[in-house]
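here are the coordinates; sequence isn't available:
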């Protein structure tokens, strides 16, 4: 209908099993990636017309992406880079 996408990715682990996940997921909204500060990272997202929010509840870690449908691949690539930097490299 329009050129806007909204995507939610849920990982089946939440605060109940990992209590510190609540704080870690909040901090990801204030984190950059290697070579980019958080401000630069958020600006790069805004430049492609997208935004993201990372949160957790008792059951899930959630990543919500919204923006221009034409840039969904680029937004997913950027969020993947953030997640690999912050979470996966520490496991």
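Okay, I see it. Note that the structure is predicted; figures quoted are calculated from it, not measured. Residues are numbered from 1 along each chain as shown.

Let me see the contact set for residue 15.
Counting by C-beta atoms under 8 Å, 6 or more residues apart in numbering, residue 15 touches 21-22, 56-58. Yep, even glycine has a C-beta here, placed from its N, CA and C like the rest.

Ignore what I typed, I meant residue 2.
Per C-beta under 8 Å, 6+ apart, neighbours of residue 2: residue 69.

Relative to residue 76, how far out is it?
19 Å (C-beta to C-beta, to the nearest Å).

Could you do residue 43 as well?
From residue 43 to residue 76 the distance is 18 Å (C-beta to C-beta).

More neighbours: which of the two?
residue 76 (16 against 11; other C-beta atoms under 10 Å).

So residue 17 belongs to a helix, correct?
No. With DSSP: H, G, I helix; E, B strand; the rest coil as the criterion, residue 17 is coil rather than part of a helix.

what about it, how many neighbours?
Residue 17: 10 neighbours (other C-beta under 10 Å).

Tell me the predicted confidence for it.
Listed pLDDT for residue 17 reads 94.

pLDDT-wise, which helix or strand of this protein ranks last?
Here the helix or strand of the chain ranked lowest by mean pLDDT, DSSP states H and E is helix 21-28, holding a mean of 88.

Check which helices and strands the helix or strand just after it is in contact with.
Using DSSP states H and E, the helix or strand that follows helix 21-28 towards the C-terminus is helix 38-47. If contacts are counted by 3 or more C-beta pairs under 8 Å, 6 or more residues apart in numbering; DSSP states H and E, helix 38-47 sits against helix 72-86.
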